[in-house]
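> Here is a sequence together with a model predicted from it:
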Amino acid sequence: MLWSLLKILIFVAIIALLALGAGFLMESSGGVQITAAGTEFNLGPLQSVIAFLVLVGVVWLFFKLLTLLIATLKFLNGDETALSRYFDRGREKRGYQALADGLMALASGDGRQALTKAAKAEKLLNKPELTNLLTAQAAEAAGDTRKAAETYKKLVENDATRFVGVRGVMKQKLSEGDTETARKLAEKALALKPRHSETQDILLGLQTQAEDWSGARSTLTSKLKSGSLPRDVYKRRDAVLALSEAKDILDGENSIEAQERAIEANKLSPDLVPAAAMAARAYMAKGKPRYAARLLKKAWDAQPHPDLAHAFAEIEPEETAAQRIKRFSALSRSHPQHVETRLLMAELNIVAEDFPEARRVLGDLAETGSDARALTLMAAIERGEGASDAVVQGWLAKALTAPRGPQWVCDKCHQIHAEWAPVCENCNSFDTLSWSTPAMPEITSATGVHMLPLIVGALVDQSEDERIDENEDADDPTDASSELSDTTDVTAKEDSAADGEILEASIKPSQTDQEKPDKENA
């Protein structure tokens with residue numbers, strides 16, 4: 001508000017001064033006399049001032065016209081002038097508009113339109129560091145891999161766009177399946193930008209696929225230093241790489257270096273089951289069974305696992321079954337109710353022929369949440385206690401279609417592996433295998449039931465007369481009932497195979513079938 005008032009006062013003061021000046025000039029005497037071509041011009045003071053201002057304006061206009069003439073001549077000669085800059089600004093504006101249209105076409109998936117706009121932008125802008133990138137991506141979207149490769153190579157030649165070019169060629173090689181060249185390009189790209197997270201991940205994956213464990217450990221360390229990987233994850237994956245490196249050496253020879261690498265892997269991640277088992281075997285090779293036992297107990301406390309039990313058994317290979325049960329009891333104290341502990345102790349008691357203890361340890365695992373291993377152990381217990389073939393065969397038949405239990409499963413693609421590996425054999429993911437029960441239930445073939453006679457065994461067919469003779473000759477009605485029940489079991493199996501009821505018929509005869517022999521004997 002005050003500033004506006006001040007401007008008004010200044011304007012009024014200037015007008016007043018001009019008016020006073022004009023009045024002074026009009027009242028003053030004298031002037032300017034100009035003689036041109038024999039003609040005299042007498043100008044008063046005010047007229048002299050006006051003539052002077054007109055002369056200044058004419059001179060200014062003359063110099064402007066002269067400057068325009070010179071600029072036009074320079075423009076026609078090809079030099080940079082204000083006129084050329086004017087046209088350049090217009091061309092640059094159209095070029096950036098074409099570049100923006102190309103980016104929009106690329107984002108919408110129209111590769112051909114993006115390629116056309118990229119060519120127009122390249123012609124108008126003459127900035128290859130911008131237009132070449134759009135051209136390469138547009139060519140990839142349009143399926144023109146040859147043009148994309150040529151453009152990426154142009155980007156490699158420029159220092160400012162070298163990383164983008166190397167990365168683009170690397171991705172092309174990956175899509176073509178040339179992993180060896182892609183790995184070298186990834187190493188070069190990472191040398192240009194050591195903290196680039198995506199390139200680190202790609203290089204790590206390619207190195208693990210190529211079993212370049214030492215290079216992968218170096219890349220993993222770079223990820224840790226760049227802050228893109230938590231320290232606990234780094235320790236786990238470094239342990240996996242150290243274990244893989246030791247495994248490769250062990251495949252060649254049981255060297256001291258391999259033993260040290262296995263022990264190092266276990267120290268980096270004590271809960272890694274394969275590392276614990278390999279480190280225990282390394283200690284055994286060094287003649288240190290106590291260290292191996294201590295290590296396996298610690299790993300068992302973290303996660304009971306069959307591989308740990310196998311390694312623990314190798315510590316004393318010559319011991320008796322009773323001695324093994326006593327030694328394994330120390331291992332099973334930490335998780336006595338764990339499924340793996342119960343299955344392990346049941347198996348050891350079966351080997352020691354202590355079948356009642358095996359049944360007690362196994363408990364209800366065969367009925368609740370049973371898998372093939374528990375059912376097979378139950379069949380062995382029944383056989384050891386003298387159960388009939390029908391009972392044993394019934395448990396084995398159940399084991400045929402039961403789930404396999406926990407296995408090495410890839411967390412990413414859910415592929416099941418027979419043994420642990422650092423890289424999934426299906427999706428090539430690194431460190432994604434975990435010991436767990438597959439999420440999807442295992443599907444049994446619809447014709448799998450027809451294989452049961454081959455596993456259960458074929459029973460000799462008897463005619464009806466022979467069965468009657470055997471029942472008449474039997475002294476004990478209970479024995480006759482048992483024999484007839486077995487025969488009824490065979491008939492039930494044949495009748496129910498198509499209906500999927502063969503397992504129940506193999507284990508227990510129905511109440512009607514048990515009452516029938518009693519009526520016949522009476």
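Nice, thanks for sending it over.

> pLDDT below threshold where in this protein?
For the chain, applying pLDDT under 70 flags the ranges 25-33, 75, 78-84, 248-255, 258, 369-370, 439-522.

> Output the longest helix belonging to it.
Ranked by residue count under DSSP state H, the longest helix found in the chain is helix 45-77.

> Following the chain onward from that helix, which element is next?
Using DSSP states H and E, the next helix or strand after helix 45-77 towards the C-terminus is helix 82-107.

> picking that back up, which elements pack onto the longest helix of the chain?
The contact analysis (3 or more CB pairs under 8 Å, 6 or more residues apart in numbering; DSSP states H and E) places helix 45-77 against helix 2-27, strand 32-36, helix 82-107. All C-beta spots, glycine's among them, are computed from the backbone N, C-alpha and C.

> so of those, which one's packed in deepest?
Counting by mean count of other CB atoms under 10 Å, helix 82-107 has the highest mean neighbour count of those, with a mean of 15.

> and the angle for that helix with helix 45-77?
Using axes from the mean of the first three to the mean of the last three CA atoms, to 10 degrees, the direction of helix 82-107 lies 50 degrees away from that of helix 45-77.

> Return the set of buried residues in the next helix or strand along the chain from helix 82-107.
Using DSSP H and E, the next helix or strand after helix 82-107 towards the C-terminus is helix 111-125. Neighbour counts over helix 111-125 (16 or more other CB atoms under 10 Å) mark 111, 113-122, 124-125 as buried.

> ok, now stretch 432-440?
T432, L433, W435.

> The residue nearest to H417 when sequence neighbours are not counted: what's it in contact with?
In space, and not counting its chain neighbours, H417 is closest to W408: 4.3 Å by CB to CB, 6 or more residues apart in numbering. Applying CB atoms under 8 Å, 6 or more residues apart in numbering to W408 gives the contacts I416, H417, A418, E419, W420, A421, L433, S434, W435.

> which residues touch the first one?
Counting by CB under 8 Å, 6+ apart, I416 makes contact with Q407, W408, V409, P438.

> where's P356 relative to G384, distance?
The gap separating P356 from G384 is 9 Å, by CB to CB, to the nearest Å.

> Between the two, point out the one with more neighbours.
G384 (17 against 11; other CB atoms under 10 Å).

> Next, count neighbours for the closest residue to that one other than its chain neighbours.
Ranked by CB to CB, 6+ apart and with sequence neighbours excluded, the top spatial neighbour of G384 is F355, at 4.0 Å. Here the count is done by other CB under 10 Å, and F355 has 18 residues near it.

> A387 is in contact with F355, correct?
No. With contact defined as CB atoms under 8 Å, F355 does not count as touching A387 (10.1 Å).

> center of the protein, which residue is that?
Note on the chain: the residue nearest the mean C-alpha position is S429, at 6.0 Å, using CA atoms, centre = their mean.

> Next, the contact list for that one, please.
With contact set as CB under 8 Å, 6+ apart, S429 has these partners: G205, C410, K412, C413, V423.

> Could you dump these into JSON lines with distance to S226 and neighbour count added?
JSON lines is the format used below for these (distance: CB to CB, whole Å; neighbours: other CB atoms under 10 Å):
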{"residue": "G205", "distance to S226": "17", "neighbour count": "20"}
{"residue": "C410", "distance to S226": "27", "neighbour count": "19"}
{"residue": "K412", "distance to S226": "23", "neighbour count": "14"}
{"residue": "C413", "distance to S226": "28", "neighbour count": "13"}
{"residue": "V423", "distance to S226": "23", "neighbour count": "20"}
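
> Helices of the stretch 301-450 of the chain, residue ranges please.
306-313, 321-332, 339-351, 355-362, 372-384, 389-401 (DSSP state H, counting those that start in this stretch).

> Export these as TSV, with columns for distance to R217.
Formatted as TSV, those follow (distance: least, CB to CB, whole Å):
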stretch	distance to R217
helix 306-313	24
helix 321-332	32
helix 339-351	32
helix 355-362	43
helix 372-384	37
helix 389-401	43
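
> Go through the ones you listed and name the closest to G287.
In terms of CB to CB, the element of the helices of the stretch 301-450 of the chain nearest to G287 is helix 306-313, at 15.8 Å.

> now that closest one against helix 321-332, angle please.
130 degrees.

> Could you check the angle helix 306-313 makes with helix 372-384?
Helix 306-313 runs at 50 degrees relative to helix 372-384, counting by the same axes, to 10 degrees.

> what's helix 306-313 packed up against?
helix 273-285, helix 289-302, helix 321-332, helix 339-351.

> Mind putting the ones you listed into TSV with mean neighbour count?
Shown next, in TSV, are those (neighbours: other CB atoms under 10 Å):
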stretch	mean neighbour count
helix 273-285	24
helix 289-302	18
helix 321-332	15
helix 339-351	21
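
> Nearest to A138 among those helices would be which one?
Closest to A138 of the helices and strands packed on helix 306-313, according to CB to CB: helix 273-285, at 47.3 Å.

> got a list of contacts for that closest one?
239-240, 242-243, 246-247, 250, 254, 258-260, 262-263, 265-266, 268-270, 289, 291-293, 295-296, 298-299, 303, 305, 307-308, 310-312, 314-315, 420, 435.

> Pull the number of nearby residues for K267.
Neighbour count for K267, taken as other CB under 10 Å: 14.

> What of the one 3 residues further on?
Taking other CB under 10 Å as the criterion, the count of residues near P270 is 16.

> hmm, back to that, want to try TSV for the helices and strands packed on helix 306-313, with distance to D371 as columns?
Listed next are the helices and strands packed on helix 306-313 as TSV, based on distance: least, CB to CB, whole Å:
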stretch	distance to D371
helix 273-285	19
helix 289-302	20
helix 321-332	19
helix 339-351	9
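
> Right, I'll call it a day here.
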